[in-house]
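Peer 1: Fold the stuff below for me.
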Amino acid sequence: MEMAVGNQHESGDNNINRHLDSSGKYVRYTAEQVEALERVYSECPKPTSLRRQQLIRDCPILAHIEPKQIKVWFQNRRCRDKQRKEASRLQSVNQKLSAMNKLLMEENDRLQQQVSHLVTENGYMKQQLTTTVGADASSDSVDPTTHHSLRDANSPAGLLAIADETLAEFLSKATGTAVDWVQMPGMKPGPDSVGIFAISQKCNGVAARACGLVSLEPMKIVEILKDRPSWYRDCRSLEVFTMFPAGNGGTIELIYMQTYAPTTLAPARDFWTLRYSTSLENGSFVVCERSLSGSGAGPNANSAAQFVRAEMLPSGYLIRPCDGGGSIIHIVDHINLEGWSVPDVLRPLYESSKVVAQRMTIAALRYIKQVAHERNGEVVYGLGRQPAVLRTFSQRLSRGFNDAVNGFNDDGWSIMRCDGAEDITVAVNSTKHLNSFSDSLSFLGGVLCAKASMLLQNVSPAVLIRFLREHRSEWADFNVDAYSAATLKAGAFAYSGMRPTSFTGSQIIMPLGNTIENEEMLEVVRLEGHSLVHEYTSLSRDVHLLQICTGIDEDAVGACSELVFAPINEMFPDDAPLVPSGFRVIPLDSETGDAQDLLTANHRTLDLTSSRDVGSIPETGCNPSTRCILTIAFQFPFENNLQENVANMACQYVRSVISSVQRVAVALSPTGLNPVPDSKLPPGSPEAVTLAIWICQSYKQHFGSDLLRTDSLGGDSLLRQLWDHQDAILCCSLKPQPVFMFANQAGLDMLETTLVAIQDITLEKIFDESGRKALCPDFAKLMQQGFACLPSGMCVSTMGRHVSYEQAVAWKVFADCEDNNNSSFHCLAFLFANWSFL
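Peer 2: Numbering: from 1, shown residues only. The predicted structure is shown next:
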């Protein structure tokens with residue numbers, strides 16, 4: 001291939017350096033002519049006709065060459081550049097494929113060794129089963145990986161022995177058969193994949209392995225991987241207590257590491273480990289690590305008391321230089337997270353190899369690949385920011401959210417209240433003044449956090465987070481966002497957002513950057529608002545949020561999905577203070593755990609799919625494999641004299657968010673109360689059927705005629721007829737103000753909304769000022785006599801479009817039509833006939 005490319009270049013050079021003279025013969029360009037042409041080409045590879053004529057006039061040595069020949073030279077020169085770039089690309093692809101092929105061959109050899117080992121083990125087990133002596137012997141066997149605790153970890157010689165043993169065990173996992181590896185579901189190797197991923201099938205603890213090709217030198221990779229807090233989002237802190245040299249230029253380190261808990265329902269984990277860094281005879285570099293026995297509490301014994309000590313079995317990184325540049329890297333993570341210490345329903349999070357693979361192993365390889373792409377200039381970021389700056393923003397958002405979820409005492413957090421009725425915990429941090437970023441924030445009294453965790457049934461984490469990201473107006477309150485943004489200003493009451501403001505419903509998402517596989521996106525969200533006070537209408541009321549969104553790929557197995565955001569100044573300074581809030585949804589495997597055990601845990605949870613307001617989900621319709629844990633945490637800066645008021649507002653707001661997410665979860669569930677494409681309500685919704693019966697019976701009671709054409713319909717048939725009715729039918733409750741609770745398909749189309757979103761729309765929102773004034777006398781008549789006929793008029797959809805209707809009627813819906821009194825009053829119903837958009 002290289003010979004062919006070389007011949008092609010030689011032929012191209014001969015063609016480009018020749019031209020036709022006046023006699024029609026090919027004549028070679030002189031060195032001076034080529035130099036003049038190359039000089040122009042470096043400035044303008046594709047000159048215009050005027051530019052070429054100017055070139056001939058300015059260079060006497062080109063005067064006898066035809067302009068057409070000059071044009072041909074530039075065409076050939078561009079073609080040669082294109083061929084060289086293509087040859088370079090093909091050579092790079094060839095090197096990558098060769099390295100990947102070598103990696104796959106090594107993997108194939110390892111699998112063959114594993115097969116041979118399993119065959120031998122199978123024969124041995126068959127032999128043991130034939131004798132009782134063999135059975136007794138097998139029951140007394142001990143995992144050799146537990147013997148490291150018997151070594152003396154208090155002397156350099158003992159630590160060196162542990163390091164050598166750790167190295168051998170790690171290499172047997174990375175390239176051998178010490179662990180029964182199986183391919184990670186949904187992660188197929190290939191030239192365009194990040195790497196080859198495997199998880200443990202049966203072993204002590206949970207393990208994951210990755211190997212891939214990275215275009216970075218080995219020592220740079222070692223430096224990145226040792227800085228675990230930079231890429232491992234669950235790492236709270238890592239402190240090196242002791243470091244001393246070991247033979248062959250290696251080093252031994254004693255490390256204390258703390259990790260965050262993913263939810264509010266379980267304590268965090270910490271590790272006390274030995275890390276051994278060395279080089280091998282073949283030029284490879286190794287960083288291996290394992291837990292040490294003993295307390296090793298770390299810098300603060302009181303702080304360590306908040307953690308459960310987890311065990312890291314021999315793990316690490318093997319980095320081998322690759323021919324032609326770059327490195328081949330092997331990563332092994334093998335840990336025991338002590339799943340016994342959490343409620344049974346959460347144990348899959350602590351006993352799943354897929355979760356370890358996504359949170360640690362794959363994350364490490366992706367981060368290294370990301371850094372390599374950035375160094376090669378293959379990644380473009382928005383707003384002219386450097387990749388390192390944007391990575392820092394992402395890390396700060398993630399760390400701030402994890403701090404809020406965990407609420408460690410040594411960070412200054414303390415529990416202010418715990419709402420037992422709804423399991424909302426409010427924590428306060430009076431030491432978190434944010435003064436490290438701005439001296440102008442000294443007026444703040446601290447930060448308050450309201451948080452809760454709950455079990456979701458039959459909802460995809462990726463789909464839920466994607467909906468919350470794209471439809472913020474369905475669950476968020478613009479005024480709360482404006483308040484959070486205002487308190488981060490120098491003077492809260494001088495900030496325009498504190499004045500009465502209305503959210504226009506429009507959000508603009510401006511991407512800043514994303515990782516190579518789009519598993520994480522960093523973006524700025526602009527929420528557009530306008531003042532409700534006339535004299536301030538000319539001032540901008542927009543609120544800006546910095547936001548990261550992860551895990552919206554539905555095919556990613558074991559990956560958690562997150563949406564974390566924080567108000568930020570519109571100038572977007574690098575040192576902007578961030579107070580993150582957001583959502584985290586983690587899928588649960590179905591092998592272990594019972595959903596009901598979550599209710600008996602130390603911290604109770606909220607099951608979003610059990611609300612009576614939106615309809616229950618039949619147990620037979622739930623797939624236990626789609627269970628997940630949702631954690632919500634919202635932070636609010638407060639002033640010294642407003643702590644109690646902000647706490648009440650935070651609880652109320654989180655309850656509102658929970659209610660909104662509740663409706664979203666039910667609507668997104670395949671068995672939820674949401675319309676399917678054929679415009680029929682799903683079967684098995686008894687609340688919807690009952691409401692349809694009450695609507696029709698009350699209509700006949702008030703107006704003396706049937707609402708639907710067909711009489712004596714059954715429950716499901718009645719609901720379908722009501723749903724497909726040509727006129728818009730809407731129902732609203734009166735607690736505490738008229739808010740819509742149901743609409744048929746025509747009603748949803750008229751208001752340009754959904755069954756989920758309509759439950760946040762008040763009656764007054766669909767009318768303009770003149771419409772509300774006209775409605776007042778008719779509304780009084782409706783409440784007095786139970787029904788009213790409204791004249792033709794106009795209303796407004798949620799998208800701001802005007803809708804005209806020829807006639808409208810309204811009536812009270814009673815649960816018991818034989819008793820038309822307030823005790824059986826359920827809601828108000830409206831029918832808009834012959835409506836159309838203007």
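Peer 1: Can you tell me how far the nearest residue in space to residue 51 that is not next to it in sequence is from residue 470?
Peer 2: Nearest residue to residue 51, sequence neighbours excluded (Cβ to Cβ, 6 or more residues apart in numbering): residue 44, at 6.5 Å. Every C-beta, even on glycine, is put in place using the N, C-alpha and C of the backbone. Distance of residue 44 to residue 470, computed by Cβ to Cβ, to the nearest Å: 45 Å.
Peer 1: repeat for residue 272
Peer 2: 44 Å.
Peer 1: Now name the helix or strand holding residue 566.
Peer 2: Using DSSP states H and E, residue 566 sits in strand 561-567.
Peer 1: In the sheet, which strands lie alongside that strand, parallel or antiparallel?
Peer 2: strand 543-550 (antiparallel), strand 581-587 (antiparallel) (DSSP bridges).
Peer 1: That one: which residues count as buried?
Peer 2: 561, 562, 563, 564, 565, 566, 567 (16 or more other Cβ atoms under 10 Å).
Peer 1: again, but for stretch 463-470
Peer 2: By 16+ other Cβ under 10 Å, the buried positions in stretch 463-470 come out as 463, 464, 465, 466, 467, 468, 469.
Peer 1: Averaged pLDDT, that stretch. What do you get?
Peer 2: Mean per-residue pLDDT for stretch 463-470: 92.
Peer 1: ok so, going back, kindly tell me how buried the residue nearest to residue 51 is, as a neighbour count.
Peer 2: Using other Cβ atoms under 10 Å, residue 44 is surrounded by 12 other residues.
Peer 1: Output the contacting helices and strands for the strand or helix carrying residue 41.
Peer 2: Counting by DSSP H and E, the element that carries residue 41 is helix 31-43. Helices and strands touching helix 31-43, by 3 or more Cβ pairs under 8 Å, 6 or more residues apart in numbering; DSSP states H and E, are helix 49-58, helix 67-129.
Peer 1: Going by mean pLDDT, which of those comes out lowest?
Peer 2: helix 67-129 (a mean of 74).
Peer 1: how far is stretch 28-42 from where the chain is centred?
Peer 2: 55 Å (Cα atoms, centre = their mean, to the nearest Å).
Peer 1: May I have it as PDB, with CA atoms only?
Peer 2: Provided in PDB are the C-alpha atoms of stretch 28-42 (Å, rounded to 0.1, in the frame of the first residue of the first chain):
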ATOM      1  CA  ARG A  28       9.200  21.200 -16.700                       C
ATOM      2  CA  TYR A  29       8.800  24.200 -14.500                       C
ATOM      3  CA  THR A  30      12.000  25.700 -13.300                       C
ATOM      4  CA  ALA A  31      12.800  25.800  -9.600                       C
ATOM      5  CA  GLU A  32      12.100  29.600  -9.500                       C
ATOM      6  CA  GLN A  33       8.700  29.200 -11.100                       C
ATOM      7  CA  VAL A  34       7.700  26.400  -8.700                       C
ATOM      8  CA  GLU A  35       8.900  28.600  -5.800                       C
ATOM      9  CA  ALA A  36       6.800  31.500  -7.000                       C
ATOM     10  CA  LEU A  37       3.700  29.300  -7.400                       C
ATOM     11  CA  GLU A  38       4.200  27.600  -4.100                       C
ATOM     12  CA  ARG A  39       4.400  31.000  -2.400                       C
ATOM     13  CA  VAL A  40       1.100  32.000  -3.800                       C
ATOM     14  CA  TYR A  41      -0.400  28.600  -3.000                       C
ATOM     15  CA  SER A  42       0.500  28.900   0.700                       C
END
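Peer 1: Could you pull out the buried residues of that stretch?
Peer 2: Neighbour count says stretch 28-42 has 29, 33, 34, 36, 37, 40, 41 buried, by 16+ other Cβ under 10 Å.
Peer 1: Could you point out which residue ranges in the stretch 151-300 of the chain have low pLDDT?
Peer 2: Judged by pLDDT under 70, the stretch 151-300 of the chain has its weakly predicted residues at 151-154, 187-193, 294-300.
Peer 1: Contact partners for residue 361?
Peer 2: By Cβ atoms under 8 Å, 6 or more residues apart in numbering, residue 361 lies in contact with 197, 208, 209, 210, 331, 332, 333.
Peer 1: Give me the nearest residue to the fifth one, chain neighbours excluded.
Peer 2: The spatial neighbour of residue 331 that comes closest, neighbours along the chain excluded (Cβ to Cβ, 6+ apart), is residue 210 at 4.5 Å.
Peer 1: that's a helix at the one you found, yeah?
Peer 2: No - using DSSP: H, G, I helix; E, B strand; the rest coil, the assignment for residue 210 is strand, not a helix.
Peer 1: give me phi/psi at residue 261?
Peer 2: Main-chain dihedrals, residue 261, degrees, to the nearest 10: phi -80, psi 140.
Peer 1: can you tell me which residues contact the nearest residue to it once chain neighbours are set aside?
Peer 2: Residue nearest to residue 261 in three dimensions, not counting chain neighbours: residue 268, with 4.3 Å by Cβ to Cβ, 6+ apart. Residue 268 sits next to 236, 258, 259, 260, 261, 306, 307, 308, 406, 408 when contact means Cβ under 8 Å, 6+ apart.
Peer 1: And stretch 649-661, what's buried?
Peer 2: For stretch 649-661, the neighbour count (16+ other Cβ under 10 Å) marks 649, 650, 651, 653, 654, 655, 657, 658, 659, 660, 661 as buried.
Peer 1: correct me, but the fifth one touches residue 450?
Peer 2: To tie it back to what came earlier, the one meant is residue 654. Yes - look at residue 654 against residue 450 with Cβ atoms under 8 Å: they come within range, at 4.4 Å.
Peer 1: quick one: common contacting residues for these two?
Peer 2: Joint contacts of residue 654 and residue 450 (Cβ under 8 Å, 6+ apart) are 424, 634.
Peer 1: hang on, isn't residue 739 packed against residue 765?
Peer 2: No - contact criterion Cβ under 8 Å: residue 739 and residue 765 do not qualify, at 9.4 Å.
Peer 1: what ranges do the strands span in the stretch 551-700 of the chain?
Peer 2: Assigned by DSSP state E, counting those that start in this stretch, the stretch 551-700 of the chain shows strands spanning 561-567, 581-587, 606-607, 628-639.
Peer 1: Compile these into a markdown table and extend it with columns for distance to residue 358.
Peer 2: Formatted as a markdown table, the strands of the stretch 551-700 of the chain follow (distance: least, Cβ to Cβ, whole Å):
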| stretch | distance to residue 358 |
| --- | --- |
| strand 561-567 | 11 |
| strand 581-587 | 10 |
| strand 606-607 | 25 |
| strand 628-639 | 14 |
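Peer 1: Check those for me: which has the lowest mean pLDDT.
Peer 2: strand 606-607 (a mean of 44).
Peer 1: And residue 810, how far from residue 832?
Peer 2: From residue 810 to residue 832 the distance is 10 Å (Cβ to Cβ).
Peer 1: Which one of the two is surrounded by more residues?
Peer 2: residue 832 (26 against 23).
Peer 1: Doesn't the more buried one belong to a strand?
Peer 2: Yes - secondary structure of residue 832 (three-state DSSP): part of a strand.
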